[in-house]
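K.L.:
show me how the following folds:
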Amino acid sequence: MKKSIVILSTITFLNSYAQEKPKTDREYTIEGVTVVKAKKAVEQKADRTIFDFSEQPQLNSGTLMEGVKKLPGLVVTDLAGMMYQGKILDVYMDGRPLNISSNELNGFLEGMPANSVERIEIITQPGAEFPATSGGAILNIITSKTAKNYLSATYSGNYSFTDYDRLRSRTNNSLSLNAKNKYFGWQLNVGQNYRENLMSAAIDDLSTTRTDGRRRGYFAKAAMTFDIASDRLLLNYDIYHNNNDNYTFSTGRYFGTPFQSEDDANTFNVRHEAVATYQKRFADKNKKLDFKYNLSNSSSEFEQINRLQNSAVLQNNSEMNVSTFKVDYSQPLNILDEGKMSFGGLYDIQNFTTESEGITNLDYERQTASTYLEFQTKLKKFDFILGTRAENYDISGISRAFDASGNLVEKDLIPFNKFQFFPNASVQYNFVPKIYLALNYNRKITLPGISALNPNNSIYQNGNTVTSGNPNLQPTIFDNYEVKVSMFDYAFIGYSASNAKNQVMQLVTREKVTDPATGLENEYIRNRQENISEVTVHNFNVGLPIPLMIFSTPLKEIMNFNFNPDKINFIYVYAAYQKHVLPDIDTKGFLMLNLNSQFILPKDIKLAINYFVIPRNANYYYFQTVNPVGNNIDVTLSKKFMKDRLSVSVFANDILNGQQMSFRSLAAQPNVVLMNKFDSRNFGFSVNYKIPTKNKLAKEAPNLLNQEKKEDGGMINPLP
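P.N.:
Now for the predicted structure:
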């Protein structure tokens, strides 16, 4: 009986989100209407999960990376990057691929304040309108905010510190301005980030390191929107700047002799991006034609200098240029009950060069031409999507390296010239509104990341560790399957499987080398990237909110729906079981548990507690967890003041200092154990202040851009 009450109360809690306010018998004449739509913390859709950042202090109190790590079902590691429900994520911002290396991605996310983000969409089933290179899934960071009829200004600030062995400070500050008038709208978002951090690491008994780092980041995002009759022109320009310094003390053994090393490293990254979008609109509001041109440049300079010898150990530079033009068209179509047709095309050119000690050792060029066609239709309680994308790749390049005799050898990269179709299909059965069963399939491709291709893919080197890229890596083909039952956006249960051919995999091995002059033998750790013939990832997951009012409120009162879900205490449980099937080792699945809770304290103070853990002895590709992954508890207290204009939060992340990465590499015998520990425990406060401006009651412009299942087109939403 108790179990039945819990289940019934949970469904009641979910159903309350779908209730409309009761109508009254009286009618009034009013001058205007202000519609306020409550934002949902988590929203489940057939092809994506949406997490609101703007109103959740537990997510937006620190850096964007700290907020992303708290999302249920998302795992961030140094070994496989970011994964969601077993799928490796391709990272977008405002609907556009970031096009930066994985090494730079962490710094980029740590340099962005989380409170500068409106929401994050994790698109688990990218349709045909998304490039096939999106691979398994997409993490789309939305910074767009709706322009208003008056100047709107918001300041966000954050300060925190760690207490590992001494106080280390971290700050974030950002200012967002936006406005619109009769002719155009504009938005400017600027910010800075300063972060001191410590990391200790060990690889077997061969190498231990302790790194003190300072990260400095600055960004500016500007946008303008112009009305041209019924059409619109959107212009965006973004710039990101990072300047990071590290000091590393390391110990190890070199040819049997213990050594110590002290090294200074500096990384300097700059990224520019400019976008122009022209939106052609028609009398039929459901008919759309968009043209978009995107140009980005990203450069990186890295240098490592040994303090003891006062000499350079590594000097690596890289530069990437990407130019993209795309067209998207959609219109209603009379198919069954109702339908829509979408098609478009894309042409993309990417150039990437790397340089080491004055020698250009990689010159990489990729050209992609693609087109897509997709149909959406409804029949009674069924929704159907059927589409395909055709892409043609032309990848070539040259690598240069010194051979054993010291001669510079030039080789052509293995070319990749291929034309291929990438179909997608989805069927959704709607039992009742907000309760549905969805079946999805898509085929995607992932091209090797530039970090994996880069022969200079090394951010640290000492006497017995060698890290190298592989310029001859080949693309990976994915077949993704998913079945999911979703109830009222919050509760769901699902199963997905992703089969990858030619998967790029990180391998860490312990190897030996003999000095031909002395005959002495030395062991070293080799970190490299290789293609694996086939990998399959199975993922079973469930999400369930549990309202705590079931323990204190009579069931009859709960059934009346007489409560505000934003004002009740609840625990949101996310659990997943994941298994990685590899061709040459016997793997074990692992459990992932994420608990998010909200408690309403006196004076409307909100207490949010987040817990995440993956137990030990779980297989994560070619690695096995030695200690639990995550195992961290994050606590946030927040309150709003001044008619909700001011939000103040105090927080403590990883309060038990339990977050540590410890893996055993199974790529070869003997196994290698890798460990690293960050100063993840930190304490701090954040503020978000909506600066008062004139005409505060002006009507807010509706968001008319991308109402369908499309990427967000720009930083600023268009004018009505």
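
K.L.:
quick one: contacts for residue 342?
P.N.:
128-129, 328-330, 372-376, 387 (CB atoms under 8 Å, 6 or more residues apart in numbering). In short, each C-beta sits where N, CA and C put it, glycine included.

K.L.:
for those residues, give me TSV that also has secondary structure, neighbour count and distance to residue 465.
P.N.:
Formatted as TSV, the contacts of residue 342 follow (DSSP: H, G, I helix; E, B strand; the rest coil; neighbours: other CB atoms under 10 Å; distance: CB to CB, whole Å):
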residue	secondary structure	neighbour count	distance to residue 465
128	coil	26	43
129	coil	22	43
328	strand	21	47
329	strand	15	52
330	strand	20	52
372	strand	23	44
373	strand	15	49
374	strand	20	47
375	strand	16	53
376	strand	22	51
387	strand	21	46
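
K.L.:
let's have those in TSV, adding distance to residue 492 and pLDDT.
P.N.:
Listed next are these as TSV, based on distance: CB to CB, whole Å; pLDDT from 0 to 100:
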residue	distance to residue 492	pLDDT
128	24	87
129	24	86
328	29	95
329	33	95
330	28	94
372	28	96
373	30	96
374	24	95
375	26	94
376	22	93
387	24	94
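
K.L.:
which one of the residues you listed is nearest residue 227?
P.N.:
Nearest to residue 227, judged by CB to CB, of the contacts of residue 342 is residue 328 at 20.0 Å.

K.L.:
on that earlier part again, export the contacts of residue 342 to TSV and tack on distance to residue 232?
P.N.:
Shown next, in TSV, are the contacts of residue 342 (distance: CB to CB, whole Å):
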residue	distance to residue 232
128	24
129	19
328	14
329	16
330	16
372	23
373	25
374	23
375	26
376	24
387	26
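
K.L.:
looking at these, spot the one nearest residue 55.
P.N.:
Nearest member of the contacts of residue 342 to residue 55, counting by CB to CB, is residue 129, at 28.8 Å.

K.L.:
can you tell me how far that closest one is from residue 167?
P.N.:
According to CB to CB, to the nearest Å, residue 129 and residue 167 sit 49 Å apart.

K.L.:
so which strand or helix has residue 105?
P.N.:
According to DSSP states H and E, residue 105 maps onto helix 102-110.

K.L.:
also residue 243?
P.N.:
strand 231-254.

K.L.:
how about the strands in the stretch 401-550 of the chain?
P.N.:
408-412, 416-432, 435-446, 465-467, 476-487, 491-514, 521-547 (DSSP state E, counting those that start in this stretch).

K.L.:
one step back: and the strand holding residue 243, what's buried?
P.N.:
By neighbour count on 16 or more other CB atoms under 10 Å, the buried set for strand 231-254 is 232-236, 238, 240-242, 244, 246, 248, 250, 252-254.

K.L.:
and for stretch 629-642?
P.N.:
Quick answer for stretch 629-642 (16+ other CB under 10 Å): 629-638, 640.

K.L.:
thinking again about what came up before, closest one to residue 72 among the strands of the stretch 401-550 of the chain?
P.N.:
Of these, nearest to residue 72 by CB to CB is strand 521-547, at 6.6 Å.

K.L.:
so the closest one versus strand 476-487, what angle?
P.N.:
Counting by axes from the mean of the first three to the mean of the last three CA atoms, to 10 degrees, strand 521-547 lies at 20 degrees to strand 476-487.

K.L.:
quick one: strand 521-547 to chain centroid distance?
P.N.:
Counting by CA atoms, centre = their mean, to the nearest Å, strand 521-547 is centred 17 Å from the centre of its parent chain.

K.L.:
re the thing from before, got JSON lines for the strands of the stretch 401-550 of the chain, with distance to residue 279 and mean pLDDT too?
P.N.:
Putting the strands of the stretch 401-550 of the chain into JSON lines (distance: least, CB to CB, whole Å; pLDDT from 0 to 100) gives the following:
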{"stretch": "strand 408-412", "distance to residue 279": "42", "mean pLDDT": "85"}
{"stretch": "strand 416-432", "distance to residue 279": "25", "mean pLDDT": "92"}
{"stretch": "strand 435-446", "distance to residue 279": "27", "mean pLDDT": "91"}
{"stretch": "strand 465-467", "distance to residue 279": "45", "mean pLDDT": "74"}
{"stretch": "strand 476-487", "distance to residue 279": "31", "mean pLDDT": "90"}
{"stretch": "strand 491-514", "distance to residue 279": "34", "mean pLDDT": "88"}
{"stretch": "strand 521-547", "distance to residue 279": "36", "mean pLDDT": "87"}
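
K.L.:
distance from the helix or strand encompassing residue 595 to the middle of the chain?
P.N.:
Applying DSSP H and E as the criterion places residue 595 in strand 590-601. Taking CA atoms, centre = their mean, one finds strand 590-601 lying 20 Å from the centre of the chain it belongs to.

K.L.:
repeat for stretch 630-639
P.N.:
The answer for stretch 630-639 is 20 Å, by CA atoms, centre = their mean.

K.L.:
count of neighbours near the nearest residue to residue 629 once chain neighbours are set aside?
P.N.:
Excluding its sequence neighbours, the residue lying closest to residue 629 (CB to CB, 6 or more residues apart in numbering) is residue 614, at 4.0 Å. When neighbours are defined as other CB atoms under 10 Å, residue 614 has 20 of them.
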